[in-house]
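# Got a predicted model here, sequence first, then my questions.
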Amino acid sequence: MDPKSTPIGSAELHQLVVASSDSISAILRRVRVRAIVPRKSFFTAPWAVQLPGHFGGFFAAVQGTMYLTPAGGASVLLRAGEIGVLLRRQDHVVSDPLGTPAQRPEDFLERREMRERRGIVHVRGEPTSVHFAGWFVEMDGLSDAMRELLPPVVVLRSEETKSSPYLAACFSLLEATESLTETRDATADLTAGLILLAGLHRALEELREQSPAKLAMLLDPHIGPVVKLMCDYPDRDWSMRNLAEEAGLSRTMFHERFVAVAEEPPMRFLRRLRLAHGRQLFQQGLELKAVARRAGYASPSAFAAAYRRAYGSLPA
């Protein structure tokens, strides 16, 4: 029997996870980012801004506190000197205090002023919150499979030893962008890239500690590429046969290896992935027919039935 086709065992899984430090470094080396980093924003409590989820991004708290709340997720408190990194494209609210009714960015300033200042400034007295915000316009090297497994938000805390060197460098670069002109965009990309790498590093380490099987799924030489294909092309007519062929394994070996590292059968993983993709397309405003086609379902009715079983009803 070909040794590459044997099911993954507990010893091999342990060895794969133990060796994952080098693999994490390899993942981080592939990441490239282009970003928009506006100038400092000053707010006086209470305030809240609703932002669309076209891009990932970050919020770096300079003074005071703020809450970062991704759509459908838990709120995260950011204190001065900390950075919250959004690893997924999803709507989110930034606010202080928590629960303040959110407004759109254009509600705070005239569009002309926003274009001139390239940021948001809103003060009704002494500012209680000061922060930088940035958006990852383009990200290369970070697959949809990776985003699916990582948390939506990761926080670089000032009291954490591993985060401290990153934070000092990031805040210094953010402050430097305030006085730059010709090199501002290049410095913004450098700063955002450092922040994204720091957030990814933190998230991957947490994944290794809390769910080694998920990390192994990304790193496994057979399963990792197949998971990436399913995430990148959920609309393909996938079957156990062609998935196994992509993995270079027999169907039996592929199924056993996938279950060992992903902790669920491949077709169940694919169904969850397609439904999550369809839900995201709905949030972007696509119609049911287009959502069903792009999520890999034969008809809108088939997608609607599967969606109702998973979530209770179709989104409005």
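Great, that's in hand.

# so where's the stretch 51-200 of the chain uncertain?
Residue ranges of the stretch 51-200 of the chain with pLDDT under 70: 55, 106-125, 141-148, 161-163.

# Show me where it has its strands.
Taking DSSP state E, counting those that start in this stretch as the test, the strands found in the stretch 51-200 of the chain are 56-63, 65-70, 76-79, 83-86, 92-96, 129-140, 153-156.

# Can you tell me which of these is most buried?
Burial of these is given as mean neighbour count (mean count of other C-beta atoms under 10 Å); strand 83-86 ranks first at a mean of 26. (Glycine included, C-beta is placed from N, CA and C.)

# Send me that strand as CSV with only the CA atoms.
This file holds the C-alpha atoms of strand 83-86, laid out as CSV (Å, rounded to 0.1, in the frame of the first residue of the first chain):
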residue,chain,number,x,y,z
ILE,A,83,-5.9,46.7,18.1
GLY,A,84,-8.9,44.7,16.9
VAL,A,85,-8.3,43.0,13.6
LEU,A,86,-11.3,41.9,11.4
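
# circling back to that earlier point, out of the strands of the stretch 51-200 of the chain, which comes closest to Leu197?
strand 83-86 (9.7 Å; C-beta to C-beta).

# so what does the closest one touch, helix or strand wise?
If you count contacts as 3 or more C-beta pairs under 8 Å, 6 or more residues apart in numbering; DSSP states H and E, strand 83-86 packs onto strand 56-63, strand 65-70, strand 153-156, helix 184-210.

# List the contacts of that strand.
With contacts defined as C-beta atoms under 8 Å, 6 or more residues apart in numbering, strand 83-86 is touched by 56-61, 68, 70, 76, 78, 92, 152-156, 167, 170, 195-196, 198-199.

# who does that strand pair up with?
Strand 83-86 sits in its sheet next to strand 56-63 (antiparallel), strand 153-156 (antiparallel), going by DSSP bridges.

# possible to save those as JSON lines with distance to Val259?
Formatted as JSON lines, those follow (distance: least, C-beta to C-beta, whole Å):
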{"stretch": "strand 56-63", "distance to Val259": "31"}
{"stretch": "strand 153-156", "distance to Val259": "28"}
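
# For Ser41, find the nearest of those.
Closest approach to Ser41 among these is made by strand 56-63 (9.3 Å; C-beta to C-beta).

# Please report how far Phe58 lies from Arg30.
19 Å (C-beta to C-beta, to the nearest Å).

# Now do the same contact list for the closest residue in space to Pro225 that isn't next to it in sequence.
Nearest residue to Pro225, sequence neighbours excluded (C-beta to C-beta, 6 or more residues apart in numbering): Glu246, at 6.9 Å. Counting by C-beta under 8 Å, 6+ apart, Glu246 makes contact with Pro225, Val226, Leu229.

# If we use 10 Å, what do you get?
Shown here is Glu246, whose contacts under the criterion C-beta atoms under 10 Å, 6 or more residues apart in numbering are His222, Pro225, Val226, Lys228, Leu229, Met230, Trp238, Phe254.

# What strand or helix carries the third one?
When secondary structure is defined using DSSP states H and E, the element that contains Val226 is helix 223-232.

# Please apply the same query to the last one.
Taking DSSP H and E as the definition, one finds Phe254 inside helix 251-262.

# Going by neighbour count, list what's buried in that helix.
Met253, Phe254, His255, Arg257, Phe258, Val259, Ala260, Val261, Ala262 (16 or more other C-beta atoms under 10 Å).

# Export the helix or strand hosting Leu270 to CSV, keeping only CA atoms.
Mapping Leu270 onto the secondary structure by DSSP H and E places it in helix 266-283. The C-alpha trace of helix 266-283 is given here as CSV (Å, rounded to 0.1, in the frame of the first residue of the first chain):
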residue,chain,number,x,y,z
PRO,A,266,-16.5,15.9,3.6
MET,A,267,-20.0,16.2,2.1
ARG,A,268,-21.4,17.6,5.4
PHE,A,269,-18.5,20.1,5.5
LEU,A,270,-19.4,21.0,1.9
ARG,A,271,-23.1,21.5,2.8
ARG,A,272,-22.2,23.8,5.7
LEU,A,273,-19.8,25.7,3.5
ARG,A,274,-22.4,26.2,0.7
LEU,A,275,-25.0,27.4,3.1
ALA,A,276,-22.6,29.9,4.8
HIS,A,277,-21.6,31.1,1.3
GLY,A,278,-25.3,31.5,0.4
ARG,A,279,-26.0,33.4,3.6
GLN,A,280,-23.1,35.8,2.8
LEU,A,281,-24.5,36.4,-0.7
PHE,A,282,-27.9,37.1,0.7
GLN,A,283,-26.4,39.8,3.0
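
# Tell me which helix or strand comes right after it.
Following helix 266-283 in sequence, per DSSP H and E, is helix 288-294.

# how far out from the middle of the chain is the following helix or strand past that next one?
Using DSSP H and E, the next helix or strand after helix 288-294 towards the C-terminus is helix 300-311. Distance of helix 300-311 from the chain centroid (C-alpha atoms, centre = their mean, to the nearest Å) equals 25 Å.
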